[in-house]
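A.B. asks: Take a look and give me a structure for this.
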Amino acid sequence: MIIKVFLVFYRLLWIMLVPLVLIYLWHRGRRDADYSGHLAERFGFYRRSLPQGALWFHAVSLGETRSAIGLIRLVLARGDKVVLTHFTPTGRRESERQFKSEIASGQLVPIWVPFDMQWCYRRFFRACRPKIGLTLEVEIWPSMIFAARTAGIPLYMCNAQYASRPLARDSRGLRLRQRVIKGFSGAFVKSPLQAERFASVGLENITVTGELRFDQPVPPALIKAAARLRPALAQRREVIAIASGDQGEEQLFVDLATQLVADARASGRLAPLIVYVPRAPERFVAVAQGLIDAGLRVLRRSEVLTPELDHKTQMDGADIFLGDSLGEMFFYLSLADRVVVGGGFLERGAHNIIEPLMMMKPVLTGPYVWTIEFPFTEAEAAGIAIKLPDQAALVAALSQPAIEQRDAIEGFLAEHCGASALTLRAIDKAIGEQGNSD
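C.D. replies: Sure, this is the predicted structure:
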């Protein structure tokens with residue numbers, strides 16, 4: 001009864017929200033035209049026919065899209081068709097880049113995810129009638145979930161985790177979010193702990209399949225470019241990368257870079273080169289200016305390198321190499337000796353540590369790691385990732401020589417890869433069970 005009443009109010013709320021969402025998309029579209037392009041798709045109207053009987057993946061943005069690439073490639077390799085929905089242009093552009101030939105052949109179709117209204121999903125399901133739906137990471141949309149159930153389409157969380165903070169929050173009061181979660185057909189989760197958490201709220205059909213991000217492809221051109229350019233950028237200096245620095249941490253990281261450079265010079269040592277990659281593209285200019293105002297010499301990737309990652313000007317002597325580009329994180333990580341992952345000094349939590357580990361780089365971050373409990377807990381136990389309480393502790397840790405940890409990281413990666421194949425087997429089992437019940 002509670003969930004039925006909630007859904008009525010939720011549908012009424014969306015009637016009021018649609019104009020605001022459209023204004024949001026128009027506003028974002030002024031800076032990125034893709035936000036306001038193909039708008040009809042967000043209501044379930046399509047200019048072209050969608051493949052029937054496809055596997056439907058929902059990857060809201062860039063990170064979710066990248067995490068699913070290995071799994072989607074396995075699906076495509078055996079001849080299945082895929083419908084891939086996104087909410088943000090960065091996710092859609094990445095799928096268009098990764099699956100160019102499959103899109104051209106019609107085997108994969110990227111579209112906007114419908115607005116979370118029942119009638120939009122009814123149109124979407126009539127247009128493509130997928131065998132199964134798979135929402136990457138944590139995407140809990142009531143109309144999506146219950147429209148799929150009404151249409152008889154199994155909808156599973158994929159690469160899912162239920163972090164400790166949301167679990168504690170959702171377990172209070174009417175537990176509406178947990179009641180909605182129970183509407184999923186099941187979940188493919190990252191670890192046994194996550195399986196226990198989802199089971200504790202009443203979700204059934206849970207399979208532990210591991211973390212898909214360990215299987216994501218690494219662009220070899222980015223790795224080769226980093227090996228080619230590091231001598232010109234850093235010469236004999238250590239390179240410390242700040243990956244996905246959040247806006248709320250900008251002053252902390254400016255102070256960190258300033259202190260590391262000043263301490264090294266005061267003691268007669270070579271100062272490290274700081275590779276700083278802000279998380280949000282709209283912060284590139286502000287971050288660069290903040291570093292310059294602090295008296296640091298800044299080289300911007302956009303100014304010193306060509307689009308093909310060849311250098312076009314002198315690059316030595318910088319304190320900061322600013323990564324003001326998208327889609328090149330593996331290049332920046334490959335330059336580094338160790339990596340500070342952003343977000344960890346803010347209560348909203350650290351960003352993913354998997355990409356640095358895939359590049360064999362030990363990881364440091366702040367105290368807030370609840371967003372990445374898996375695999376951070378396991379990586380911390382392996383000694384290849386550490387969390388630090390504050391800026392002073394981070395400065396102290398980075399002032400010590402880096403420790404070679406390649407063997408430990410290789411062992412950790414070997415233990416955790418293979419989630420794509422495990423997930424595909426679980427998907428086939430779920431589809432088979434659905435077919436037997438029809």
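A.B. asks: Give the helix, strand or coil label for Ile242.
C.D. replies: Using DSSP: H, G, I helix; E, B strand; the rest coil, the secondary structure recorded for Ile242 is strand.
A.B. asks: Please apply the same query to Phe214.
C.D. replies: Phe214 ends up helix, using three-state DSSP.
A.B. asks: Next, give phi and psi for Val339.
C.D. replies: When read as degrees, to the nearest 10, the backbone of Val339 gives phi -130, psi 130.
A.B. asks: Around it, how many other residues sit close by?
C.D. replies: By other C-beta atoms under 10 Å, 27 other residues sit near Val339. All C-beta atoms are positioned from the backbone trio N, CA, C, and that covers glycine.
A.B. asks: same question, Lys100
C.D. replies: 11.
A.B. asks: pLDDT score for it?
C.D. replies: Here the pLDDT value assigned to Lys100 is 96.
A.B. asks: Torsion angles phi and psi at it?
C.D. replies: phi -60, psi -50.
A.B. asks: Ok, His27 next?
C.D. replies: phi -60, psi -50.
A.B. asks: Looking at it now. What's its pLDDT?
C.D. replies: Confidence score, pLDDT, at His27: 91.
A.B. asks: And the strands in the stretch 251-400 of the chain, which stretches?
C.D. replies: Secondary structure of the stretch 251-400 of the chain (DSSP state E, counting those that start in this stretch): strands located at 273-278, 298-300, 320-322, 338-341, 363-365, 385-387.
A.B. asks: Highest mean neighbour count out of those?
C.D. replies: A comparison of the strands of the stretch 251-400 of the chain by mean neighbour count, using mean count of other C-beta atoms under 10 Å, puts strand 273-278 on top with a mean of 27.
A.B. asks: Can you redo the strands of the stretch 251-400 of the chain as CSV, where the extra columns are mean pLDDT?
C.D. replies: Formatted as CSV, these follow (pLDDT from 0 to 100):
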stretch, mean pLDDT
strand 273-278, 97
strand 298-300, 96
strand 320-322, 97
strand 338-341, 98
strand 363-365, 98
strand 385-387, 97
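A.B. asks: can you put those strands in TSV and add distance to Met157?
C.D. replies: Output for the strands of the stretch 251-400 of the chain, formatted as TSV (distance: least, C-beta to C-beta, whole Å):
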stretch	distance to Met157
strand 273-278	29
strand 298-300	39
strand 320-322	36
strand 338-341	24
strand 363-365	25
strand 385-387	25
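A.B. asks: Phi first, then psi, for Gly245.
C.D. replies: phi -70, psi 130.
A.B. asks: Ile206 now?
C.D. replies: phi -110, psi 130.
A.B. asks: Surely it touches Lys190?
C.D. replies: No: with contacts counted by C-beta atoms under 8 Å, Ile206 stays clear of Lys190, the gap being 11.3 Å.
A.B. asks: hang on, isn't Ile223 packed against Ser334?
C.D. replies: Yes: judged on C-beta under 8 Å, Ile223 makes contact with Ser334 at a distance of 5.2 Å.
A.B. asks: the more surrounded of the two?
C.D. replies: Ranked by neighbour count (other C-beta under 10 Å), Ile223 and Ser334 place Ser334 first, with 25 against 15.
A.B. asks: what sits against that one?
C.D. replies: 222-223, 226-227, 359 (C-beta atoms under 8 Å, 6 or more residues apart in numbering).
A.B. asks: Count the residues that sit near the closest residue to Ala264 other than its chain neighbours.
C.D. replies: Nearest residue to Ala264, sequence neighbours excluded (C-beta to C-beta, 6 or more residues apart in numbering): Ala271, at 3.9 Å. Counted with other C-beta under 10 Å, residues neighbouring Ala271 total 18.
A.B. asks: contacting residues for Ala271?
C.D. replies: So Ala271 contacts 237, 260-261, 264-265, 319 (C-beta under 8 Å, 6+ apart).
A.B. asks: List buried residues within those residues.
C.D. replies: 237, 260-261, 264, 319 (16 or more other C-beta atoms under 10 Å).
A.B. asks: Which of those sits closest to Ile409?
C.D. replies: Comparing the buried ones among the contacts of Ala271 against Ile409 with C-beta to C-beta places Arg237 closest, at 22.1 Å.
A.B. asks: and Leu233, what helix or strand is that in?
C.D. replies: helix 220-234 (DSSP states H and E).
A.B. asks: if we can go back for a sec, relative to Glu137, which of the strands of the stretch 251-400 of the chain is closest?
C.D. replies: Glu137 lies closest to strand 338-341 among the strands of the stretch 251-400 of the chain, at 17.1 Å (C-beta to C-beta).
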